[in-house]
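J.: coords below, sequence missing:
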């Protein structure tokens, strides 16, 4: 049954903590999963959380720590000694989770925590993982995995698996290595089980295996696992030696963080480093104000563009009524196109090299969309002119200006929206910066120029 944290539950729990009623607290938490307990801890004061942690078994406590919000975990760890962090938490974590937690600590505290880890092999694994960039395969991988050697017998493999799997929550795969520890294949569990105990791994393993290098960008790893429906992928070093494994849960966490960051950037907001509710008003203002100022300055060019065509507006004030219609149509189209292209790039469906094919497609799409809106805009003015005199004696010309402008502006917005993310990617910038507001602002200014240019063509001399 799915747990839902209520005010009543939290109030009762706090009362029990205040009265040191450990039996009640333990009873309330014993059926909950670590993410559920972490959700409760996010609402507790540090001293309350420390009391509850002492009531949890070591493995559950370590799992809960990993699930905490970043700022809560940071404050909680700051209240503990280096020895407590090492013995109560790090010793019970997978190497990748342990490395992530230690990486959040100050440098001097990191060294102290590592010195208190009893298992020297685990400490060595963590130090090795800390060397990798967070956004690479090495930054996502864990050191716990099952490997067997090519010339081992099936019975020896079973013994090896039992020994190695003791430190694993799940065995996703058995990896086969040669005498130089180079990854050469995969041994399916089913194949191992049904094979005679005297079988040699070399005779039953599958040499076809997908792996990634330690310096492979994490985004590429996610795309590979998605494409081939993998729950785990092995990581090798520059000479092909097996150094770690990335599991699907780590990729899901990475994808969630990346998607959140992209959505924030596409909304014209600097990416948040912490959960929304953890940010102060000042921090939120810092994240949002910069982009808003840039977009505002961009929009001032709209006024400049209208000022350039003030004579045309003075001659026929009715033109100003359609300015919001024209620029919003172009901006909306550009925002749609940029969002689709950015998402396709994130999923690995397209690359910068595909730019010409993408532009050809988007020109066709933009032209059709422009014709649809252009026809509707033309009919709107043409039909309405039969019921009002607001358009004066030149209603047909105004209808043509609106119709042709919509076709051109929508086509232009579609081209800009699809091309701009590709240009940013080509020059090494984050395509998500091609946010909907930014593209819309650019198309607003150029859309006005297109609109008033058509007004000069159709209304000049009237």
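T.: Done, it's in. Given the structure is predicted, the values throughout are model-derived calculations rather than measurements.
J.: residue 99 reaches residue 129, doesn't it?
T.: Yes. At 3.9 Å, residue 99 counts as touching residue 129 under the criterion of CB atoms under 8 Å. The way it works is simple: take the backbone N, C-alpha and C, and place the C-beta from them, glycine included.
J.: check which helix or strand residue 183 maps to.
T.: strand 183-187 (DSSP states H and E).
J.: what's that strand packed up against?
T.: Applying 3 or more CB pairs under 8 Å, 6 or more residues apart in numbering; DSSP states H and E, one finds that strand 183-187 contacts strand 174-177.
J.: so what touches the strand it packs on?
T.: Under the criterion CB atoms under 8 Å, 6 or more residues apart in numbering, residues 145-150, 157, 161, 183-189, 192, 201, 205, 209, 234, 241-242, 245 lie in contact with strand 174-177.
J.: 6 Å instead, please
T.: Strand 174-177 has contacts (CB atoms under 6 Å, 6 or more residues apart in numbering) with 146, 147, 148, 150, 183, 184, 185, 187, 201, 205, 234, 242.
J.: farthest pair in the residues you listed?
T.: The largest separation in these, counting by CB to CB, is between 201 and 234 at 15.9 Å.
J.: show me how this structure divides into domains.
T.: Domain assignment of the chain by automatic domain parsing yields the ranges 7-134, 146-247, 276-459.
J.: mind putting these in JSON lines, mean pLDDT and mean neighbour count included?
T.: Conversion of those to JSON lines gives the following (pLDDT from 0 to 100; neighbours: other CB atoms under 10 Å):
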{"stretch": "domain 7-134", "mean pLDDT": "88", "mean neighbour count": "16"}
{"stretch": "domain 146-247", "mean pLDDT": "88", "mean neighbour count": "16"}
{"stretch": "domain 276-459", "mean pLDDT": "79", "mean neighbour count": "18"}
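J.: in JSON lines, list the ones you listed along with distance to residue 253.
T.: Listed next are the domains of the chain as JSON lines, based on distance: least, CB to CB, whole Å:
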{"stretch": "domain 7-134", "distance to residue 253": "10"}
{"stretch": "domain 146-247", "distance to residue 253": "10"}
{"stretch": "domain 276-459", "distance to residue 253": "16"}
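J.: ok so, going back, now, which of the contacts of strand 174-177 sits nearest residue 437?
T.: Checking the contacts of strand 174-177 one by one against residue 437 (CB to CB), the nearest turns out to be residue 234, at 41.9 Å.
J.: so is the closest one in a helix, a strand, or just coil?
T.: What DSSP: H, G, I helix; E, B strand; the rest coil gives for residue 234 is strand.
J.: thought it was touching residue 245?
T.: Yes. If you go by CB atoms under 6 Å, residue 234 and residue 245 touch, sitting 5.5 Å apart.
J.: picking up where we left off before, run through who's touching the strand holding residue 183.
T.: Under CB under 6 Å, 6+ apart, the answer for strand 183-187 is 173-174, 176-178, 205-207, 209, 211, 234, 236, 242.
J.: quick one: it to strand 232-236, angle?
T.: With axes from the mean of the first three to the mean of the last three CA atoms, to 10 degrees applied, the angle from strand 183-187 to strand 232-236 works out at 160 degrees.
J.: so how far is strand 183-187 from its chain's centroid?
T.: 31 Å (CA atoms, centre = their mean, to the nearest Å).
J.: of the contacts of strand 174-177, which is the nearest to residue 7?
T.: Distance to residue 7 across the contacts of strand 174-177 (CB to CB) is lowest for residue 146, with 45.6 Å.
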